[in-house]
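**Q** Structure of the sequence below:
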Amino acid sequence: MRFWLRATLAVVFLAGCGGGGYLPYAPQSLPPSRIDQLAVAAASREGISARLIRAVILTESAGDPGAISRVGAEGLMQLMPGTAEDCGITDAFDPQQNVSCGAHYLHAMLARYRGDTELALAAYNAGPGAVDRYHGIPPYAETQEYVARVLAAYRNN
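**A** Numbers count the residues shown, from 1 in each chain. Predicted structure coming up:
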C-alpha cells in the first residue's frame, strides 16, 4: 500500500511541476507566511506587486524551493540556469536568491511590456522573443494556460 501511495504522489507531483504546473500542495512547500515574506521583500526592492510575485511562485512551484521542471527551471520561481547566471545568484534553490532574481526578471518583463501584466507573464513563461514574434501572448497552449493560472492565483490571494 505504501508503494502505491508514494507512486501516486510522485506522479501527481511530477505532472504538476512540468512547465510551471500548479499544485495546491507540494510535499516540500514553504509555509505561506515565508512565501509572503519573500514576496514582500522582493516587491519592495523591485517596485512591483507582492501579490503578483506570490502568484508566480504558487503557479511555478507550488512553493517548493527544490522544484525542477522538465526543461531544467529551478526553485520557487522556476529560473532557467541562464537567467540565474544573469542575476549573479549562486544557488537557484535558495529561496531568497531565487525570489530576488525571479522578481527582478519579472520587473524587467513588466517594464519591457509597459506594465502589461499578461504580456509580462507570457514573456516570463515563453521568453520575450516569443511574445515579440507574435506581438502578444504566443499561441502556445502551455503559455496561454500559464498566464490564466497566474492571473487566477493573483486574483485569489
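
**Q** drop to CA atoms for contacts and neighbour counts, all remaining ones
**A** Fine.

**Q** For this protein, just list every one of the helices.
**A** 2-17, 32-46, 50-61, 81-87, 95-112, 117-126, 128-134, 141-156 (DSSP state H).

**Q** and those as TSV, adding mean neighbour count?
**A** Formatted as TSV, the helices of the chain follow (neighbours: other Cα atoms under 10 Å):
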stretch	mean neighbour count
helix 2-17	13
helix 32-46	17
helix 50-61	27
helix 81-87	14
helix 95-112	22
helix 117-126	23
helix 128-134	15
helix 141-156	17
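
**Q** among these, which is nearest residue 68?
**A** helix 2-17 (7.3 Å; Cα to Cα).

**Q** For residue 104, which residues are in contact?
**A** If a contact means Cα atoms under 8 Å, 6 or more residues apart in numbering, then residue 104 has 42, 46 as its contacts.

**Q** cutoff 7 Å now
**A** Neighbour list for residue 104: residue 46 [criterion: Cα atoms under 7 Å, 6 or more residues apart in numbering].

**Q** Quick check: closest non-adjacent residue to residue 77.
**A** Distances taken as Cα to Cα, 6 or more residues apart in numbering put residue 57 closest to residue 77, at 5.1 Å, once the chain neighbours are dropped.

**Q** For that neighbour, give me its contacts.
**A** Here residue 57 is in contact with 63, 76-77 (Cα under 7 Å, 6+ apart).

**Q** Try it again at 10 Å.
**A** 20, 22, 35, 39, 51, 63-65, 75-78, 99, 102-103, 150, 153 (Cα atoms under 10 Å, 6 or more residues apart in numbering).

**Q** Ok, residue 118 next?
**A** Applying Cα under 10 Å, 6+ apart to residue 118 gives the contacts 110, 124, 136-137, 144, 146-148, 150-151.

**Q** Which single one of those is nearest to residue 91?
**A** residue 124 (19.7 Å).
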